[in-house]
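Participant: requesting a structural model of the entry that follows:
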Amino acid sequence: MKLNTLIHRQGGFCFYCRKPLLERDASIEHIIPSSMGDYQGFTNQVACCTLMNSILQDLPPKHKIELLLNWWGRSPCPKDMALSLKEIEKQRQSILNSSFNEPIYGYKDGGLLTADENVILEVPEELDELRFKKE
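Facilitator: A predicted model of the protein is given here:
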């Protein structure tokens, strides 16, 4: 699939950081890397920042999914971080070392929420009628 087609399908945004993406700054990212098999279909390809692609290259899909989950679908954009090549490799290693070892699911009261914490979700009053009724 062509890069401009992927960008169009994604509404003109980077798949990972969700920032506006110009074709000159983009590349095709394979969710399942080519090093893990020959998956060339459009369901395996997304458009992302070239720098993000270089950070995520050859990472297994579960690490990429965790990155998105940990950042609520908006990973930090490496362009904003002005990373050097050495820092990019350090970032890749950090993702590899942390992924699925200690999952982080989001934020709670401004802090990180880890897998071993119990969470009680509050239901807004307007949705109260959807609760199960005790008899």
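
Participant: so residue 60 sits against residue 37, correct?
Facilitator: No: with contact defined as Cβ atoms under 8 Å, residue 60 does not count as touching residue 37 (11.4 Å). (C-beta placed from N, C-alpha, C; glycine too.)

Participant: low-confidence bits of this structure, can you list those?
Facilitator: 72-74, 80-86, 88, 91-92, 95-135 (pLDDT under 70).

Participant: on that earlier part again, residue 60 and residue 37: which has the busier surroundings?
Facilitator: residue 60 (16 against 10; other Cβ atoms under 10 Å).

Participant: and the helices in the protein, which stretches?
Facilitator: Using DSSP state H, the helices of the chain run over residues 3-9, 50-56, 61-70, 78-81, 85-98.

Participant: pick the most buried one from these.
Facilitator: Of the helices of the chain, the one with the most neighbours on average (mean count of other Cβ atoms under 10 Å) is helix 50-56, at a mean of 20.

Participant: can you put the helices of the chain in a markdown table and add distance to residue 30?
Facilitator: Listed next are the helices of the chain as a markdown table, based on distance: least, Cβ to Cβ, whole Å:
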| stretch | distance to residue 30 |
| --- | --- |
| helix 3-9 | 11 |
| helix 50-56 | 9 |
| helix 61-70 | 9 |
| helix 78-81 | 18 |
| helix 85-98 | 16 |
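
Participant: residue 25: which of the ones you listed is closest?
Facilitator: helix 50-56 (6.2 Å; Cβ to Cβ).

Participant: what packs against that closest one?
Facilitator: Where contact means 3 or more Cβ pairs under 8 Å, 6 or more residues apart in numbering; DSSP states H and E, helix 50-56 is packed against strand 26-30, helix 61-70, helix 78-81, helix 85-98.

Participant: next, residue 19: phi, psi?
Facilitator: Here the main-chain torsion angles of residue 19 (degrees, to the nearest 10) amount to phi -90, psi 160.
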